[in-house]
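[1] Can you look at this prediction? I've put the sequence above it.
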Amino acid sequence: MESASQDINLNSPNKGPLSDSMTDVPVDNAAASARTSAPEGLTLAEEEELRSELAKVEEEIGTLRQVLAAKERHCGELKRKLGLTPLDGLKQNLSKSWHDVQVSNAYVKTSEKLGEWNEKVTQSDLYLSASNTLEDWNEKLTQSEAYKKTQETLSQAGQKTSAALSNVGSVISRKLGDMRNSATFKSFEDRVGTIKSRVVGSRENSTDGLHSPPGAGDKPPQDSAPF
């Protein structure tokens, strides 16, 4: 009868026979059991020691971040006072990065490998045979009749072009001399000289007329008045 008289109302705080037992179970029981159980291979003392060391390292990291931020601000102020631009900093960073790459083990090993490959290639029979073949072809080409004729033709063409240009200059100079010595050119010079002399003479006459007053060469009129 007691079990029948229990409150089975879903809206009441007590949800049946299991409600009393559920209210006594702690909520973080699983998390507490997870914390109390040490990782595999570690004792509780070792776990606590590692957790303490982890907290110290994280605290040191935070301190170092703060120090680094202060150093970066101070560095920026010094660069601003020195007039250094971000481009200068980028150049320095690129130069340093390239230097780091050059001194790195990977770069050194790659350079050594490339040197070894180059030596092996240049000393190989295939490379030597190809080089000898190219030298033979070059020698045969330079010694062939077609090459010699082409070279002679180009040389003659260059000489003819130079001679033609020299002849053109001589012809132009001779034509100018002939034109200057011609009767037409001399007649034109005479006409220009005549016009020039007339213009100069007219200017001189007009100048003399301006400076000498009219009637300056005549005798002054006598006074004919009776005494």
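    Right, received. Where do you want to start?

[2] taking the mean pLDDT, what do you get for stretch 179-195?
    Across stretch 179-195, the average pLDDT comes to 76.

[3] Just the residues contacting it, thanks.
    Outside of stretch 179-195, no residue comes within contact range by C-beta atoms under 8 Å, 6 or more residues apart in numbering. Just so you know, the C-beta spots here come from the backbone N, C-alpha and C atoms, and that holds for glycine as well.

[4] Downstream of the longest helix along the chain, the next helix or strand is which one?
    Counting residues, the longest helix found in the chain (DSSP state H) is helix 44-82. Per DSSP states H and E, the first helix or strand lying C-terminal to helix 44-82 is helix 86-103.

[5] in the chain, what spans have low per-residue confidence?
    By pLDDT under 70, the low-scoring segments of the chain are 1-38, 201-227.

[6] can you give me the helices for it?
    Using DSSP H, the helices of the chain run over 19-23, 29-36, 44-82, 86-103, 105-122, 125-143, 145-181, 183-211.

[7] Name the residues of the longest helix of the chain that are buried.
    By neighbour count, with 16 or more other C-beta atoms under 10 Å as the criterion, helix 44-82 contains no buried position.

[8] What lies in contact with stretch 83-103?
    With C-beta under 8 Å, 6+ apart, stretch 83-103 has contacts from 79, 107.

[9] Output it as PDB, restricted to C-alpha atoms.
    Taking Å, rounded to 0.1, in the frame of the first residue of the first chain, the C-alpha atoms of stretch 83-103 are listed here in PDB:
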ATOM      1  CA  GLY A  83      63.500  56.800 -40.100                       C
ATOM      2  CA  LEU A  84      63.400  53.100 -41.100                       C
ATOM      3  CA  THR A  85      60.400  52.100 -43.100                       C
ATOM      4  CA  PRO A  86      58.600  48.700 -43.200                       C
ATOM      5  CA  LEU A  87      60.200  48.100 -46.600                       C
ATOM      6  CA  ASP A  88      63.700  48.200 -45.100                       C
ATOM      7  CA  GLY A  89      62.600  45.700 -42.500                       C
ATOM      8  CA  LEU A  90      61.200  43.500 -45.200                       C
ATOM      9  CA  LYS A  91      64.500  43.700 -47.100                       C
ATOM     10  CA  GLN A  92      66.500  42.800 -44.000                       C
ATOM     11  CA  ASN A  93      64.200  39.800 -43.300                       C
ATOM     12  CA  LEU A  94      64.500  38.600 -46.900                       C
ATOM     13  CA  SER A  95      68.300  38.900 -46.800                       C
ATOM     14  CA  LYS A  96      68.400  37.000 -43.500                       C
ATOM     15  CA  SER A  97      66.000  34.400 -44.800                       C
ATOM     16  CA  TRP A  98      68.100  33.900 -47.900                       C
ATOM     17  CA  HIS A  99      71.300  33.700 -45.800                       C
ATOM     18  CA  ASP A 100      69.600  31.100 -43.500                       C
ATOM     19  CA  VAL A 101      68.600  29.100 -46.600                       C
ATOM     20  CA  GLN A 102      72.200  29.200 -48.000                       C
ATOM     21  CA  VAL A 103      73.700  27.900 -44.700                       C
END
